[in-house]
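Colleague: Take this sequence and fold it.
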Amino acid sequence: MSIIIDDPAAQIAERVKTERERRAWSLADLAARSDVSKAMLSKIEREEVSPTATILGRIATAFGMTLAEMLTPTAAKPSRWLRAGDQPQWRDPGTGYLRRQVFQSADFPMELVEVHLPPGARVGFPASSYTLIRQVVWVLSGRLEIRDGAETFTLKTGDRLEFGPPADSAFHNPTDKDCRYVVAVLRR
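Modeller: Okay, here's the model as predicted:
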């Protein structure tokens with residue numbers, strides 16, 4: 001049975017509030033560190049909105065966490081063996097992209113994420129999202145355009161791209177078919 005978190009507002013709200021309070025930060029402190037408005041952060045914590053991948057990435061970076069760490073419940077116990085149907089999935093409410101957390105462990109500095117990017121969808125991340133990580137993208141099926149700083153790359157099935165120094169980036173599926181790719185993340 002697949003664990004799809006289509007509306008993780010409660011889980012994300014709890015995680016944001018817990019991490020913010022653990023650091024004794026006000027909403028204004030988190031807003032300044034994440035470049036997400038205080039009003040948006042308040043709505044997230046009150047479960048009025050579920051943040052997009054871009055916003056959640058900014059919040060995670062402010063906490064010194066990866067997006068995967070942000071989406072993982074604090075009580076989650078890692079397992080060496082995890083069936084495909086038990087790997088947590090999250091759907092970005094802004095683009096509909098589906099992200100499956102294949103592997104993540106606090107004891108291992110690498111994460112593996114499988115992404116399904118719908119036709120025409122575009123997801124962007126600020127350079128700050130990459131200050132704590134290095135990543136490689138490998139396209140399993142479809143076509144993917146990646147803007148990494150000033151460069152744009154078109155990847156087809158089987159192609160891979162290693163990201164350069166932290167820069168603003170965007171992932172775009174310019175086709176009318178789903179694009180499926182793996183992101184290997186190395187935490188610094």
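
Colleague: Now do the buried residues in the top helix by length along the chain.
Modeller: Looking across the chain with DSSP state H, the single longest helix is helix 9-22. For helix 9-22, burial by neighbour count (16 or more other C-beta atoms under 10 Å) applies to Ala9, Gln11, Ile12, Ala13, Arg15, Val16, Lys17, Glu19, Arg20. Every C-beta, even on glycine, is put in place using the N, C-alpha and C of the backbone.

Colleague: Kindly report the same for stretch 89-97.
Modeller: Neighbour-count burial for stretch 89-97 flags Gln89, Trp90, Arg91, Asp92, Pro93, Thr95, Tyr97 (criterion: 16+ other C-beta under 10 Å).

Colleague: List the pairing partners of the one helix or strand the second one maps to within its sheet, with orientation.
Modeller: To tie it back to what came earlier, the one meant is Trp90. Using DSSP states H and E, the element containing Trp90 is strand 89-91. For strand 89-91, the paired strands and their directions (DSSP bridges) are strand 4-5 (parallel), strand 98-105 (antiparallel).

Colleague: Tell me which residues are up against stretch 33-46.
Modeller: Outside stretch 33-46, the residues that touch it by C-beta atoms under 8 Å, 6 or more residues apart in numbering are 9, 12-13, 16-17, 20, 25, 27-28, 30-31, 49-51, 55, 58-59, 61-62, 126, 128.

Colleague: Please list the members of these that lie in helices.
Modeller: Going by DSSP H, the helices hold 9, 12-13, 16-17, 20, 27-28, 30-31, 55, 58-59, 61-62 from these.

Colleague: Could you work out the most separated pair of the residues you listed?
Modeller: Farthest apart among the ones in helices among the contacts of stretch 33-46 by C-beta to C-beta are Ala9 and Ala28. That separation is 22.0 Å.

Colleague: so Phe125 touches Asp168, yeah?
Modeller: Yes. Phe125 is within contact range of Asp168, at 7.3 Å (criterion: C-beta atoms under 8 Å).

Colleague: okay, those two: which has more neighbours?
Modeller: Phe125 (19 against 15; other C-beta atoms under 10 Å).

Colleague: ok, how many other residues are close to Val185?
Modeller: Val185 has 21 nearby residues by other C-beta under 10 Å.
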